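Colleague: How does the following fold in three dimensions:
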Amino acid sequence: MTDTSAKLHSADRYRLRTFGTLALAGREDDTLLGKHGHQRRRLALLAVLAAAGEQGRSRDQLLLLFWPDATQPHARHSLEQLLYAIRSSIDEDVFAGVNPVRLNPDVVSSDVGEFQSALKRGDLERAVDTYRGPFLDGFYLSDAPEFEQWLEAERAHLERSYTGALERLARTAEAAHDHATAVRWWRKLAETDPVSSKNAIGVMRALMSTGDDAAALQYAQHYEGVVAHELGTSVGPAVANLVAEVREKTKTGRVGVLRPPPLSLRPKPRDAAVPGGATAVDQPRGSRSTRRPSARYAIGAISIVGMIATTVWLRATPGVSTLGPIKHGSTHNVAAYELYLRGNDPVLYRTDSGSRAGLEYFRRAVALDPNYAAAYAGLARMHKRIAFGDDPQLSRPDRLALAEQAALKAIALDDSSGEAHEALGYVRRDNYEFTQAETEFKRAVALDPTNSRFHEGLVQIYTLTQRPDEALVEARRAVQLDPLSPTANAEVADALLANDRCDEALLQLEMLRSLKPPLNRANLIAAECYGQKAMWPEAIAEIQRITVNGGPRVYALLGYTLGRAGRTEEARRILAVMLDRSRRTKGGAFDVALLYAGLGENDQAFTWLDKAVDDRSLGFEWMHATLNGLRRDPRFEKLRPRVGL
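Modeller: You can find the predicted model right below:
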């Protein structure tokens with residue numbers, strides 16, 4: 001091991017390995033920093049900066065990641081010491097920039113940087129070759145919970161990028177009729193998640209396309225053993241049907257055209273799972289070395305054919321019983337109910353990765369019981385939540401369309417389900433159909449007056465439609481029904497904010513301070529309260545507490561607040577990021593509008609607000625005091641009818 005206490009020669013180039021075991025290596029591939037002792041935090045900081053790329057990380061973000069509970073002076077001192085230690089042990093020029101802090105690529109290269117660059121330029125083969133295992137596999141910092149949350153999210157994001165690249169390579173090879181290459185990519189994809197029915201079907205179909213039906217059957221037998229060992233279940237109907245097809249083809253000598261996957265209830269996104277895998281589903285799995293939960297949440301399609309096959313399979317498979325006729329809206333399937341309960345964990349709703357986990361739980365529940373209305377309602381809620389997070393797969397209107405389909409399916413199965421009407425209410429709200437949304441929430445309340453969550457939906461409608469008195473009454477009722485509900489207490493604070501009672505709102509939010517992970521909405525309400533009082537440092541601090549996993553909207557609100565505080569250079573850096581993201585995703589116009597509003601550039605703000613109506617990116621801030629500087633402009637009134645106000 002090289003002595004890291006002495007400064008290394010500046011002419012050397014170093015490489016940070018982040019995929020698999022985290023380590024910093026020298027030019028001779030000797031390990032300079034390993035993951036032990038005081039070097040762990042140095043490596044962690046290097047990994048965070050490597051993943052951030054050219055954008056880097058602001059000092060405030062680094063403080064929140066590594067010292068969230070320390071006082072500002074102590075945290076800043078600790079950061080300076082850490083930066084100095086890295087410069088001393090590696091190279092004086094290891095960092096580029098002071099704030100934000102970036103890695104100098106002339107001194108330290110990284111596999112994660114090369115992976116991201118390859119994806120951006122479309123070199124998918126180079127990208128998948130660079131990915132050698134889960135990001136920072138087995139690495140942790142026991143005293144930095146915010147870093148651990150960031151790590152889980154980043155690991156899941158990179159893993160999704162890797163599997164998405166593999167699937168695109170496989171699909172491209174199939175389209176070019178290069179079936180041997182397609183087999184290779186599908187096999188690599190299957191290695192990432194051996195129990196995935198989608199991956200198994202991909203391998204089998206690719207082998208069948210090469211004419212090697214025997215190999216397809218052999219792989220099916222291997223897959224069946226893996227599923228039995230890992231999940232203790234049989235393969236799902238989609239795989240079973242394909243195996244039957246191969247056997248029939250082999251028996252009759254028929255070569256024919258392979259049947260396509262079943263028709264879907266919705267347009268299939270680019271990396272959608274092949275539908276119909278009822279038991280061996282694409283479930284989150286931990287890395288092999290740590291067995292920690294990962295955040296691989298494939299975007300699957302629920303097919304009509306798959307639902308029918310699932311029902312037949314459930315009735316025919318020994319040990320899996322529906323215990324009699326299925327009652328509309330309920331389930332007698334124990335496994336489906338357990339998945340439904342797991343999907344309803346309110347903590348999942350606070351992060352993008354958690355929401356994707358919840359989405360997968362509900363998908364698996366409806367795969368096991370296609371008549372489970374409440375599970376469809378859960379699907380709708382999670383689609384809606386993901387639509388307002390960082391969604392690389394689908395545009396917001398497309399994601400909301402999926403949410404609407406799931407909610408309507410839930411109501412079709414059980415019109416007496418309050419959850420189903422609540423889910424449709426949120427979809428209607430996000431599509432600016434406020435009258436219809438209010439009707440759905442009131443229907444949910446009428447069906448179950450004791451459910452505080454249904455009352456919370458009405459609070460949000462009343463706030464958005466400028467009925468603050470009614471909002472506060474409904475919020476108080478929600479808290480009476482569930483005094484310890486974090487979301488109900490946050491809605492009381494939001495209603496107080498709408499009534500210009502910020503001091504009371506801030507007091508209400510105090511009880512939510514210790515939540516881990518934090519309830520982002522609570523911090524944003526607090527930030528807006530401080531903004532109304534022109535207490536910009538306090539407002540900025542509130543938002544910075546949730547920027548690590550808060551998604552693009554939180555980042556945009558930080559930029560808005562920085563602009564209002566006169567920190568225009570920092571606000572413009574965030575604006576550049578939001579503009580680039582909007583160009584890439586063709587969405588998020590409201591996030592850009594927020595930045596321009598914070599900088600006082602109202603003409604640009606209204607241009608982007610107009611775009612935001614179309615891409616469905618307007619948020620609560622639309623009718624809150626955040627945009628008070630624009631509400632007095634006649635152009636604001638022209639926008640209101642476009643959103644039903």
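Colleague: Shouldn't R184 be within a strand?
Modeller: No. Using DSSP: H, G, I helix; E, B strand; the rest coil, the secondary structure at R184 is helix, not a strand.
Colleague: What's the local residue count around it?
Modeller: A total of 16 residues lie near R184 under the criterion other CB atoms under 10 Å. All C-beta spots, glycine's among them, are computed from the backbone N, C-alpha and C.
Colleague: for D143, same thing?
Modeller: Other residues within reach of D143, judged by other CB under 10 Å, total 11.
Colleague: what kind of secondary structure is it in?
Modeller: Following three-state DSSP, the label given to D143 is coil.
Colleague: pLDDT at R87, what is it?
Modeller: With respect to pLDDT, R87 has a value of 87.
Colleague: Look up the closest residue to it, ignoring the ones flanking it.
Modeller: Closest residue in space to R87, ignoring its immediate chain neighbours: V94 at 5.7 Å, by CB to CB, 6 or more residues apart in numbering.
Colleague: Please list all residues in contact with the one you found.
Modeller: Applying CB atoms under 8 Å, 6 or more residues apart in numbering, one finds that V94 lies in contact with I86, R87, L103, N104, V107, V108.
Colleague: How about D482?
Modeller: If you count contacts by CB under 8 Å, 6+ apart, D482 has them with S452, A488.
Colleague: For S452, see how far away it is.
Modeller: D482 sits 4 Å away from S452, going by CB to CB, to the nearest Å.
Colleague: hey, what's in contact with both of the two?
Modeller: Overlap of the contact sets of D482 and S452 (by CB under 8 Å, 6+ apart) consists of A488.
Colleague: So which of the contacts of V94 sit within helices?
Modeller: I86, R87 (DSSP state H).
Colleague: Taking the contacts of V94, please make a ChimeraX selection of just the buried ones.
Modeller: Buried subset of these, written as a ChimeraX selection, criterion 16 or more other CB atoms under 10 Å:
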select :86,103,107,108
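Colleague: nearest to A526, of the contacts of V94?
Modeller: Comparing those against A526 with CB to CB places L103 closest, at 33.3 Å.
Colleague: which one is that closest one nearest to, not counting chain neighbours?
Modeller: Excluding the flanking residues, the one nearest L103 by CB to CB, 6+ apart is L49, at 4.5 Å.
Colleague: where are the low-confidence patches of the chain?
Modeller: 1-12, 27-38, 231-238, 248-329, 390-392, 548-550, 619-629, 640, 643-645 (pLDDT under 70).
Colleague: mind giving me the domain split of this structure?
Modeller: Structurally, the chain divides into domains by automatic domain parsing as follows: 14-155, 178-287+306-320, 321-443, 449-535, 550-645.
Colleague: okay, those domains, which one's buried deepest?
Modeller: Among these, ranked by average contacts under mean count of other CB atoms under 10 Å, first place goes to domain 321-443 (a mean of 22).
Colleague: Just confirm R15 is within a helix.
Modeller: No. Counting by three-state DSSP, R15 is located in no helix; its state is strand.
Colleague: I figured it hits V112, correct?
Modeller: No. Using CB atoms under 8 Å, R15 is not in contact with V112; the gap is 11.0 Å.
Colleague: List the contacts of S395.
Modeller: Here S395 is in contact with T585, K586, G587, D615 (CB under 8 Å, 6+ apart).
Colleague: So the first one versus A176, what's the distance?
Modeller: Same thing as T585. 28 Å.
Colleague: Repeat that for the second one.
Modeller: When CB to CB is the yardstick, K586 and A176 sit 28 Å from each other.
Colleague: With the third one instead?
Modeller: G587 sits 31 Å away from A176 when distances are taken as CB to CB.
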